[in-house]
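Enquirer: any chance you can model this:
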Amino acid sequence: MTSVTSTVVRLKLSLLRGGLRQSAGRRTAFLASALVAPLFALLQLLGLLALRGHAHAEAVAVPGAAVLALGWAVMPLFFPSGDETLDPTRLVLLPLRPRPLVRALLAASLIGIGPLYTLLVLAGCALSVAHGAAGYAVCVVAVTLAPLVCVALARAVATANVRLLTSRKGRDLAVLSGLVVAIGMQLVNFGAGQLGSGGLGRLQPAADVLSWVPPASAVAAVRAASEGSYGTAVGQLAVTVAALVGLLAVWARTLTRLMTSPDASTLPTAGTGARDRSSAGLGRLLPAGRTGTVMDRALRYIWRDPKTKAAWVTSLAIGLIVPVYNAVQGTGSPYFVCFAAGMLGIQMYNQFGQDTSAFWMVALTISSSRDAYAELRGRALALLVITLPYTALVTVSTTALLGDWARLPEVLGLSLALLGAMLATGAWASARFPYSIPQEGHKNVAPGQAGLAWISVFGGMIAAALLSSPVIAATIWLNVSADGDAWNWVLLPVGAGYGATITYLGLKLAAPRTAARLPEILAAVSKG
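Expert: I've put the predicted structure just below:
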């Protein structure tokens, strides 16, 4: 009789072969990753082996194992479609018991490029601190246990969140995966800069704490055994084994509950009325009439639409990271906060593209330039609900980190002027250069409309910079004049007033063009 484990392993191999047959692009991507990932892992292995005998080898190996485990825990949430076996509900109709199924899925999870990469890196971490017969003996045990802990952790997290991963919110997480990578790269860059200035010794306190956190504790056990601390090594290995057993038990319990309970999405929801009441409460806070309705719709797009949400979260995160990161590094300037205003101002561009083909319902409500102005004004006000407090927060945070409070008024005024200019040019570009945003996949522009997107965004940014030139010139003049420091506070009301005025004029100029081009806008945004 064929065992469940061998059957599931063969199923995993069949899924891999079937996926490669789908398209040449998928085969190319798989082959490229099959070559690059092991090569990168081997380079890391050699780098870790080069640390053998270094005083701070453990400070690199132990946190490295912890970061690798963190990656295994997080990646299933952002790439749920990377492994078809992550969804055990596909096996719910089969007569399978939890324990055999857990063993089978665990064995299947050890097949692939990711497990191979993990094994090589963890082997490098363990070998970099291994010395003597006892150290190498514990190294074999550690390199066996640590990958199992990583895989079990990933499986437990994926099984506990499988309903989320297969829902709309799961697709939102997948869209936000690029943001996670971008923020992670910034953190890595910051960490590398800190290590470059302070040396590997900065990691030693973290290594001391993580030496009792699985699976990093398995790597720390190798170091303890090499130094003759056999009791500590046994304790750290015991912590790793206990974590593995605990993760498998949690995984089995979650798997049993998942495969024996009904899907909550198919049951009547008792919280519908509460959500309706909360929606009504939000509506009461917004202005009356068309303006409040448009603001409500725009804010719902930001919260619910995956592409719109991804664009906003990316802009909010990067707009904060750039000025704050440079301020922490000591190389920043208060004027870097204008980058945050620019990132958020971009969200005004292509306002109708997020409606896609549903824009026809909006078009039916616009019969004059006055209606178009009310529509654009509501969308601009919805953006300001988020951008104004955010811009103030980034400005205050950056100036506080730099300790340059004297420049706070002029920097905030300049940011508000730039934001107003981008709202104005964004409204005009939305009417003149609309393009469609595909709802599926990671592309943000429909095929054949890339030129429109470039013209809309980059042309609008250049125009916004030119529109902001009076406030920029006033800022430069006050900074070069002898008594300018005493008058730089004037730039805050001047910048705010200028931004409000230019926004009003931009919306007024864009409204007639919007009303006149409704058929063209609908055709452009319906191609995705």
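Enquirer: and V209, how many neighbours?
Expert: Here the count is done by other CB atoms under 10 Å, and V209 has 12 residues near it. C-beta coordinates here come from the backbone N, C-alpha and C atoms, glycine included.
Enquirer: the chain should start at 548 in everything you say after this.
Expert: With 548 as the first residue, the last one maps to V756.
Enquirer: domain parsing for this structure?
Expert: For the chain, automatic domain parsing gives the domain ranges 551-807, 826-1072.
Enquirer: ok, then the element right after the biggest helix by length in the chain?
Expert: When the chain is parsed with DSSP state H, its longest helix is helix 916-949. On the C-terminal side of helix 916-949, the closest following helix or strand by DSSP states H and E is helix 955-979.
Enquirer: that older thread, mean pLDDT lowest where, among the domains of the chain?
Expert: Note on these: domain 551-807 shows the lowest mean pLDDT, a mean of 80.
Enquirer: and the contacts of the host helix or strand of V766?
Expert: V766 belongs to helix 763-773 when elements are defined using DSSP H and E. The contact list for helix 763-773 (CB atoms under 8 Å, 6 or more residues apart in numbering) reads 605, 608-613, 616, 669, 672-673, 676-679, 681-682, 684-686, 688-690, 692-693, 696, 754, 757-759, 777, 779-781, 783-784, 786-787, 790.
Enquirer: I'd like to know which elements the helix or strand following it is packed against.
Expert: Sequence-wise, the next helix or strand downstream of helix 763-773 (DSSP H and E) is helix 777-807. Judged by 3 or more CB pairs under 8 Å, 6 or more residues apart in numbering; DSSP states H and E, helix 777-807 is in contact with helix 645-656, helix 679-707, helix 763-773.
Enquirer: and the longest one, how far from the chain's centre?
Expert: To tie it back to what came earlier, the one meant is helix 679-707. 28 Å (CA atoms, centre = their mean, to the nearest Å).
Enquirer: how much does it deviate in direction from helix 645-656?
Expert: 110 degrees (axes from the mean of the first three to the mean of the last three CA atoms, to 10 degrees).
Enquirer: re earlier: nearest to V860, of the helices and strands packed on helix 777-807?
Expert: With respect to V860, and counting by CB to CB, the nearest of these is helix 679-707 at 21.2 Å.
Enquirer: list the buried ones in the closest one?
Expert: 681-682, 685-686, 688-690, 692-707 (16 or more other CB atoms under 10 Å).
Enquirer: and it, what other elements does it pack with?
Expert: On a contact count with 3+ CB pairs under 8 Å, 6+ apart, helix 679-707 meets helix 604-625, helix 645-656, helix 660-675, helix 763-773, helix 777-807.
Enquirer: would you mind getting the angle between the third one and helix 679-707?
Expert: The one in question is helix 660-675. Counting by the same axes, to 10 degrees, helix 660-675 lies at 150 degrees to helix 679-707.
Enquirer: would you list the helices and strands packed on helix 777-807 in a markdown table and tack on distance to V583?
Expert: Compiled in a markdown table, the helices and strands packed on helix 777-807 are given as follows (distance: least, CB to CB, whole Å):
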| stretch | distance to V583 |
| --- | --- |
| helix 645-656 | 21 |
| helix 679-707 | 20 |
| helix 763-773 | 25 |
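Enquirer: looking at the ones you listed, which is closest to L593?
Expert: Among these, helix 679-707 comes nearest to L593, with 16.4 Å by CB to CB.
Enquirer: got the angle between the closest one and helix 777-807?
Expert: Using the same axes, to 10 degrees: helix 679-707 against helix 777-807 is 20 degrees.
Enquirer: once you drop chain neighbours, what's closest to R599?
Expert: The spatially closest residue to R599, leaving aside those adjacent along the chain, is S675, at 5.5 Å (CB to CB, 6 or more residues apart in numbering).
Enquirer: do the same with V869
Expert: Closest residue to V869 apart from its sequence neighbours, by CB to CB, 6+ apart: F886 at 5.1 Å.
Enquirer: so who does the one you found touch?
Expert: Here F886 is in contact with G866, V869, P870 (CB under 8 Å, 6+ apart).
Enquirer: quick one: which helix or strand includes the first one?
Expert: Read it as G866. Per DSSP H and E, G866 falls inside helix 853-876.
Enquirer: got the CA positions of that helix in PDB?
Expert: Extracted in PDB, the C-alpha atoms of helix 853-876 (Å, rounded to 0.1, in the frame of the first residue of the first chain):
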ATOM      1  CA  PRO A 853      -5.900  46.300  -4.000                       C
ATOM      2  CA  LYS A 854      -4.100  48.400  -6.600                       C
ATOM      3  CA  THR A 855      -5.100  51.700  -5.100                       C
ATOM      4  CA  LYS A 856      -4.200  50.500  -1.600                       C
ATOM      5  CA  ALA A 857      -0.800  49.300  -2.700                       C
ATOM      6  CA  ALA A 858      -0.100  52.600  -4.400                       C
ATOM      7  CA  TRP A 859      -1.000  54.500  -1.200                       C
ATOM      8  CA  VAL A 860       0.800  52.300   1.200                       C
ATOM      9  CA  THR A 861       3.900  52.400  -1.000                       C
ATOM     10  CA  SER A 862       3.800  56.200  -1.200                       C
ATOM     11  CA  LEU A 863       3.200  56.500   2.500                       C
ATOM     12  CA  ALA A 864       6.100  54.200   3.400                       C
ATOM     13  CA  ILE A 865       8.700  55.500   0.900                       C
ATOM     14  CA  GLY A 866       7.700  59.100   1.600                       C
ATOM     15  CA  LEU A 867       8.500  58.500   5.300                       C
ATOM     16  CA  ILE A 868      11.600  56.300   4.800                       C
ATOM     17  CA  VAL A 869      13.600  58.600   2.600                       C
ATOM     18  CA  PRO A 870      13.700  61.700   4.800                       C
ATOM     19  CA  VAL A 871      13.800  59.800   8.100                       C
ATOM     20  CA  TYR A 872      16.500  57.400   6.900                       C
ATOM     21  CA  ASN A 873      18.700  60.200   5.700                       C
ATOM     22  CA  ALA A 874      18.100  62.100   8.900                       C
ATOM     23  CA  VAL A 875      19.100  59.100  11.000                       C
ATOM     24  CA  GLN A 876      22.200  58.700   8.900                       C
END
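Enquirer: I'm done for today, thanks for sticking with me.
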